[in-house]
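Asks: Need coordinates for the following:
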Amino acid sequence: MRAVPVECMRNVAVVSHAGSGKTSLVESLVYAAGGIPHLGSVLNGTTVSDFEPEEIHRRTSLNASVLHFPYKDVGINLVDTPGASSFFGETLAALRAVDGVVLVVSAASGMRSELVRLRSIVRESRLPCLVFVNELDKEGTSLTTILDAMQAELEMTGIPLLLPNGAGGELNGIIDVIGQRAFSADVEHPKAQEGQIPPALIAIAEQAKRRLIEAVAEIDDGLLEKYVSEGELSIDDLLTGLRSGVHRGCLIPVLCGSAVRSIGTHALLDAIVSLLPSPVDLAGIVPLQGHANHRSDEIVTRRPSPTEPFSGFVFKTIIDPFMGRLSYVRVASGTLSADTAFYNASRQVKEKGGHLFTIFGRKYVSAPSAAAGDIVAIGKLKDTMTGDTVCDERAPIQYPALHLARPVLSFAIEAKSKADIEKVSLGLHKLIEEDPALEFVRNPETKEMVLSGMGQLHIDVALEKLHRKYGADVTVHTPRVPYRETIRTVTQSQGKYKKQTGGHGQYGDCWLELTPLPRGAGFEFQNKVVGGAIPRNFIPAIEKGVVDAMHEGVLAGYPVVDIRVTVFDGSYHVVDSSELAFKIAASMAFKKSMEQAHPVLLEPIMAVDIEAPEDAIGAVIGDLNSRRGRIVTVTATGHTETIKATIPLAEVLKYAPSLTSITGGRGTYVMEFSHYEEVPRELTPRIVEEHRVGRQAVAAQH
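Replies: Numbering: from 1, shown residues only. I've put the predicted structure just below:
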């Protein structure tokens with residue numbers, strides 16, 4: 001595959017929120033490079049990076065897509081990422097595969113919470129960044145306004161490399177600040193026409209260049225000395241200083257224009273080549289390091305060189321209807337030939353290898369080999385999943401795993417017909433291979449199939465794919481809450497089972513004492529029978545009878561927890577006693593004691609971390625209080641605040657759309673199980689009745 005050296009590779013992710021024009025920008029960049037003969041359109045569903053039916057239908061990116069193309073003797077892998085927060089896992093994985101980022105800011109919609117989050121991730125990842133201010137051809141937009149908002153909201157000082165020539169519908173092109181030239185808008189030609197800066201903008205362009213020179217000089221002592229002594233920096237000096245500042249994260253160059261009109265995109269393409277780092281450059285900033293193996297703390301380092309041992313990181317998996325299973329791999333070091341075996345360090349298994357392909361949207365071109373810096377698809381790997389490290393078995397390395405947020409929204413799903421049950425299970429497991437941010441489990445307590453995702457859109461798209469790819473149709477509803485039952489007081493009851501049928505009968509007699517335990521203590525069984533009242537060989541049967549009876553409590557049929565059961569007396573018959581008889585007797589005694597011990601319902605309590613803008617924090621806290629939530633802490637970070645709270649699971653089954661509504665789409669949350677607590681007494685009758693009605697409905701269906 002390698003047609004250019006690793007120093008001439010650029011792997012770049014284009015990131016932003018949904019609706020910023022990100023995919024249109026990617027389309028325009030590929031067009032400017034000559035990768036496609038005509039500009040596609042998001043509205044018409046003809047772009048090279050949005051090709052899944054669900055993306056075309058919704059007119060938004062739902063998957064990370066890779067576009068490999070050459071430009072000026074440089075090999076570029078451009079990754080178009082989803083903007084919807086429900087698909088943030090795809091974006092996070094893609095950022096692991098690139099060396100630089102283009103952050104798209106819409107001049108029309110301004111700052112959004114997703115931009116703040118993305119900027120934070122890019123900064124933490126130490127990925128060099130360019131900003132492209134898009135949609136300056138829309139009325140009421142202003143580059144100055146966006147630069148001020150970037151400073152206030154994203155805490156980043158942008159240095160304009162381009163200025164708009166005109167505004168709104170009168171946007172005629174862009175002005176190159178470094179070269180002090182104007183370029184006209186011309187959608188029909190990838191290369192815009194060069195011309196003179198309009199007289200009214202000459203002073204503004206010169207002032208912008210002066211600010212650029214000062215910003216570059218401030219970060220380099222040598223350039224500062226030259227600027228002070230000569231009062232000027234050459235274009236070569238500027239580009240050298242800019243490149244160094246971008247790589248170190250000291251400078252954020254800002255370019256601007258309109259993606260759909262191809263204004264400013266050619267200049268952005270040049271900036272990607274001249275300012276963003278190659279794999280070699282980034283490795284000098286963020287070394288390629290991992291563990292020697294999964295059991296070792298030893299850190300090993302790889303250089304992004306074709307001569308190093310092979311290693312790579314799987315950042316995406318797709319199941320193509322024609323190509324089969326494809327693993328998208330960023331080759332970190334070394335060289336891999338097609339159909340060559342390698343080692344999966346994450347799962348400690350050998351892979352036979354497969355065909356290699358370069359990627360251009362939905363098109364795959366066979367490649368004989370791949371080397372450090374390349375992004376390729378490997379066909380039909382058996383055990384390798386997204387997030388895995390693959391490497392040379394003789395020089396193992398395991399790069400840090402991909403950590404995705406846990407799903408926040410769950411639905412119980414049922415196949416519409418018995419014929420679809422197998423299709424649903426198989427299809428969902430394959431969808432999870434493609435999208436590990438999805439979760440699918442069969443809840444053993446509620447007997448439901450539960451699909452969980454990062455939001456309503458995430459679930460909806462998964463079910464659409466399930467129907468389109470695997471022909472399975474399902475109905476969805478809110479999952480049942482896995483309540484528990486326990487007791488409040490100590491009680492004792494006898495269970496006696498006696499049955500005579502002619503010949504040998506059945507006889508079992510035991511006394512049980514039930515004692516409540518602290519929350520989370522589980523179940524304890526004690527034998528305090530003395531004097532041989534019950535032979536020791538029947539005690540395990542009594543315990544088994546108790547355990548079976550605990551599966552369904554007496555209040556609403558939920559499992560019983562946090563209880564100690566003690567067998568302390570009883571009697572037996574030499575001939576008629578049996579394990580079965582004592583098992584039944586124990587079950588009878590347990591249920592009788594439960595009824596007398598003031599049984600109560602327990603509900604799962606979740607620990608929730610919510611991030612929301614400071615202007616919405618009061619409304620979020622008020623909403624949490626209305627859901628029986630308890631605030632633990634509120635911490636301010638910049639313009640957002642983080643709330644740590646505990647809240648009953650029953651109150652947050654549909655929390656995601658509510659938080660979106662309260663915060664205008666700017667709030668996010670994660671949650672995990674914390675503990676069980678007693679259900680308020682006034683809510684218990686309703687829960688018991690709902691459970692009774694539900695069981696009757698299930699019984700009627702069968």
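Asks: quick one, strands of the stretch 251-400 of the chain?
Replies: Listed in chain order, the strands found in the stretch 251-400 of the chain under DSSP state E, counting those that start in this stretch are 252-256, 288-291, 299-302, 311-320, 324-333, 335-337, 342-344, 349-351, 356-360, 363-367, 369-371, 375-379, 389-391.
Asks: Over to stretch 371-389 now: how far is its first residue from its last?
Replies: Stretch 371-389 has an end-to-end distance of 15 Å (criterion: Cα to Cα, to the nearest Å).
Asks: next one: that stretch to chain centre, how far?
Replies: Centroid separation for stretch 371-389 versus its chain: 19 Å, with Cα atoms, centre = their mean, to the nearest Å.
Asks: What of stretch 100-119?
Replies: 18 Å.
Asks: Which positions within it qualify as buried?
Replies: For stretch 100-119, the buried set under the neighbour-count rule, 16 or more other Cβ atoms under 10 Å, comprises 100-109, 111-119. No exception for glycine: its C-beta is placed from N, CA and C like everyone else's.
Asks: What ranges in the stretch 551-700 of the chain fall below the confidence cut-off?
Replies: Applying pLDDT under 70 to the stretch 551-700 of the chain flags residues 638-639, 694-700.
Asks: which residues of it fall in strands?
Replies: Under the criterion DSSP E, counting those that start in this stretch, strands of the stretch 551-700 of the chain are mapped to 563-571, 600-613, 630-637, 640-648, 668-678.
Asks: Name the nearest residue to the residue most central in space within the chain, ignoring sequence neighbours.
Replies: Against the mean C-alpha coordinate of the chain, by Cα atoms, centre = their mean, the closest residue is Gly89 at 2.6 Å. Among residues not flanking Gly89 along the chain, Ala437 sits closest, at 3.5 Å (Cβ to Cβ, 6 or more residues apart in numbering).
Asks: That neighbour: what secondary structure?
Replies: coil (DSSP: H, G, I helix; E, B strand; the rest coil).
Asks: Give me the number of neighbouring residues for it.
Replies: Ala437 sits with 22 neighbouring residues when counted by other Cβ atoms under 10 Å.
Asks: tell me what the top helix by length along the chain is packed against?
Replies: Longest helix in the chain, counting residues (DSSP state H): helix 199-218. Packing contacts for helix 199-218, counted by 3 or more Cβ pairs under 8 Å, 6 or more residues apart in numbering; DSSP states H and E, involve strand 158-160, strand 162-165, helix 221-230, helix 235-248.
Asks: Remind me which helix or strand Ile534 belongs to.
Replies: When elements are assigned from DSSP states H and E, Ile534 belongs to no helix and no strand.
Asks: my bad, Leu115
Replies: helix 113-125.
Asks: Show me the domain layout of the chain.
Replies: 6-284, 288-391, 410-468, 485-598, 601-684 (automatic domain parsing).
Asks: could you dump these to TSV with distance to His477?
Replies: TSV is the format used below for those (distance: least, Cβ to Cβ, whole Å):
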stretch	distance to His477
domain 6-284	20
domain 288-391	28
domain 410-468	5
domain 485-598	19
domain 601-684	10
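Asks: closest one to Ala401 among those domains?
Replies: Nearest of the domains of the chain to Ala401, taken as Cβ to Cβ: domain 288-391 at 5.5 Å.
Asks: Please list all residues in contact with His691.
Replies: By Cβ atoms under 8 Å, 6 or more residues apart in numbering, the contact list for His691 reads 483, 556-558.
Asks: cool, and Cys8?
Replies: Applying Cβ under 8 Å, 6+ apart, the residues near Cys8 are 73-75, 278.
Asks: Cys250 should be in a helix, yeah?
Replies: No. Read with three-state DSSP, Cys250 is coil and lies in no helix.
Asks: what number of residues lie near the residue nearest to it when sequence neighbours are not counted?
Replies: Closest residue in space to Cys250, ignoring its immediate chain neighbours: Ile219 at 4.7 Å, by Cβ to Cβ, 6+ apart. Residues lying near Ile219 (other Cβ under 10 Å) number 15.
Asks: now His294: how far from Arg394?
Replies: In this view, His294 and Arg394 are 17 Å apart by Cβ to Cβ, to the nearest Å.
Asks: Same check on Gly195?
Replies: Per Cβ to Cβ, Gly195 is found 59 Å from Arg394.
Asks: okay, these two: which has more neighbours?
Replies: Gly195 (14 against 8).
Asks: Show the contacting residues for the more buried one.
Replies: 181-184.
Asks: same deal with Val260?
Replies: 21, 24, 28, 41, 137.
Asks: Emit the PyMOL select command for whichever of those residues are buried.
Replies: Command for PyMOL, covering only those of the contacts of Val260 found buried under the criterion 16+ other Cβ under 10 Å:
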select buried, resi 21+24+28+137
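Asks: Nearest to Val652 among the contacts of Val260?
Replies: Nearest to Val652 among those is Gly21, at 34.0 Å by Cβ to Cβ.
Asks: Can you tell me how far the residue nearest to the centre of the chain is from Gln494?
Replies: 57 Å.
Asks: swap in Lys418?
Replies: In terms of Cβ to Cβ, Lys418 sits 45 Å off from Gln494.
Asks: the more surrounded of the two?
Replies: Gln494 (16 against 7).
Asks: Report the contact partners of that one.
Replies: By Cβ under 8 Å, 6+ apart, the neighbours of Gln494 are 509-511, 570, 589, 592.
Asks: could you redo the last one with a cut-off of 10 Å?
Replies: Contact analysis of Gln494 by Cβ atoms under 10 Å, 6 or more residues apart in numbering lists 509-512, 569-571, 585, 588-589, 592-593.
Asks: on that earlier part again, nearest to Gly387, of the strands of the stretch 551-700 of the chain?
Replies: Closest to Gly387 of the strands of the stretch 551-700 of the chain, according to Cβ to Cβ: strand 668-678, at 18.3 Å.
Asks: Return the list of helices and strands in contact with the closest one.
Replies: helix 113-125, strand 484-486, strand 600-613, strand 640-648, helix 655-663 (3 or more Cβ pairs under 10 Å, 6 or more residues apart in numbering; DSSP states H and E).
Asks: wait, Leu451 sits on Asp435?
Replies: No. Leu451 is not in contact with Asp435 according to Cβ atoms under 10 Å; the separation is 11.5 Å.
Asks: Which neighbours do the two have in common?
Replies: By Cβ under 10 Å, 6+ apart, the residues touching both Leu451 and Asp435 are 458, 462.
Asks: Look at those two and report which has more neighbours.
Replies: When Leu451 and Asp435 are compared for neighbours, Leu451 comes out ahead with 27 against 24, by other Cβ under 10 Å.
Asks: which residue sits closest to Leu163 in space, ignoring its chain neighbours?
Replies: Leu163's closest residue in space is Ile175 (Cβ to Cβ, 6+ apart), at 4.3 Å.
Asks: Enumerate the beta-bridge partners assigned to the one you found.
Replies: Following DSSP bridges, Ile175 is listed with bridge partners Leu163, Ala182.
Asks: where's it relative to Ala607, distance?
Replies: In terms of Cβ to Cβ, Ile175 sits 52 Å off from Ala607.
Asks: who has more neighbours, the two?
Replies: The neighbour comparison of Ile175 against Ala607 (other Cβ under 10 Å) goes to Ile175, with 26 against 15.
Asks: roughly how far apart are that one and Leu115?
Replies: For Ile175, the distance to Leu115 - Cβ to Cβ - is 25 Å.
Asks: sorry, back to before: kindly list the main-chain dihedrals of the residue nearest to Cys250?
Replies: Ile219 adopts backbone torsions of phi -100, psi 0, taken as degrees, to the nearest 10.
Asks: gap between Phe411 and Met606?
Replies: Phe411 sits at a distance of 17 Å from Met606 (criterion: Cβ to Cβ).
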